[in-house]
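In: no sequence for this one, just the structure:
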């Protein structure tokens, strides 16, 4: 596999695309990030969006070691120039930690941003990335996540005494979650290896003490989890 030389020595922003999951809920013969969406692998579509909006960014794709050969074959088949690859870990948190270790080896400045995104969310738009980067014009912002409002009613998951809760107090969160590089790197360095946190914003909140800011997300920025999601994603692409 031929990798693009974007190791990030002079790039301002860093992008971590986490694609090391096995996708058990998706079923089938291959993980969801490699499934075809309108004739093109999901993960390639995800990478394409970042390359279009952040052409100078250092992009890292996190893959499980067992899937690297599959990705190499797909890149050759589609004539796709792969970003830098980092091996994933036993959990999402470990995978992100591995990618951050690779970023820490590069030069980062006070205004370097780290975007952490799910490889199976290929429908994000340049408009969302623009809203996120613009939010960091405020120097007090260290951590940012996109959200969408909840439309369903919520209840506690207590079969013997389920209780309704006020949905206006909650939102659904998406990726990319975005952080100042120094904040996210220091948070992961401070996080114990045995930590069970699986959300990057939670890691930053707990181990860097940073406030989490919200930015408007996108209804179309769905995560491919089940086969039906591929069909829904295809409808969005047809718009």
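Out: Alright, I've got the coordinates. Remember, predicted model here, so these are calculated numbers, not experimental data. Residues are numbered from 1 along each chain as shown.

In: Pass me the low-pLDDT residue ranges in this protein, would you?
Out: Applying pLDDT under 70 to the chain picks out residues 1-11, 22-28, 105-107.

In: mind redoing it with 50?
Out: Across the chain, the ranges flagged by pLDDT under 50 are 1-10.

In: Do I have it right that residue 108 meets residue 184?
Out: No. The criterion here is C-beta atoms under 8 Å, and residue 108 misses it with residue 184 at 10.2 Å. Where C-beta positions appear, they are placed from N, C-alpha and C, glycine not excepted.

In: Those two - which one has more neighbours?
Out: Between residue 108 and residue 184, counted using other C-beta atoms under 10 Å, residue 184 has the larger neighbour count: 29 against 21.

In: now that one: how far from residue 59?
Out: With distances taken as C-beta to C-beta, to the nearest Å, residue 184 is found 16 Å from residue 59.

In: residue ranges of the strands in this protein, please?
Out: 14-18, 36-37, 40-41, 58-63, 84-87, 113-118, 143-149, 154-155, 164-165, 171-173, 177-180, 212-216 (DSSP state E).

In: burial of residue 85, as a residue count?
Out: Residues within reach of residue 85, counting by other C-beta under 10 Å, total 19.

In: Residues in a beta bridge with it, which ones?
Out: Applying DSSP bridges to residue 85 gives these bridge partners: residue 61.

In: Would you mind measuring from it to residue 42?
Out: Using C-beta to C-beta, we find residue 85 at a distance of 17 Å from residue 42.

In: And the helices in this structure?
Out: Along the chain, counting by DSSP state H, helices occupy 42-53, 68-78, 92-104, 126-135, 181-190, 200-208, 227-238.

In: Out of the strands of the chain, flag the one nearest residue 234.
Out: strand 36-37 (6.5 Å; C-beta to C-beta).

In: Excluding its own residues, what touches the closest one? List them.
Out: Contacting residues not belonging to strand 36-37 are listed as 42, 45, 122, 224, 230, 233, 234, 237 [C-beta atoms under 8 Å, 6 or more residues apart in numbering].

In: ok, now with 6 Å
Out: 45, 230, 233 (C-beta atoms under 6 Å, 6 or more residues apart in numbering).

In: which one among those gets closest to residue 21?
Out: Nearest to residue 21 among the contacts of strand 36-37, with distances taken as C-beta to C-beta, is residue 230, at 15.7 Å.
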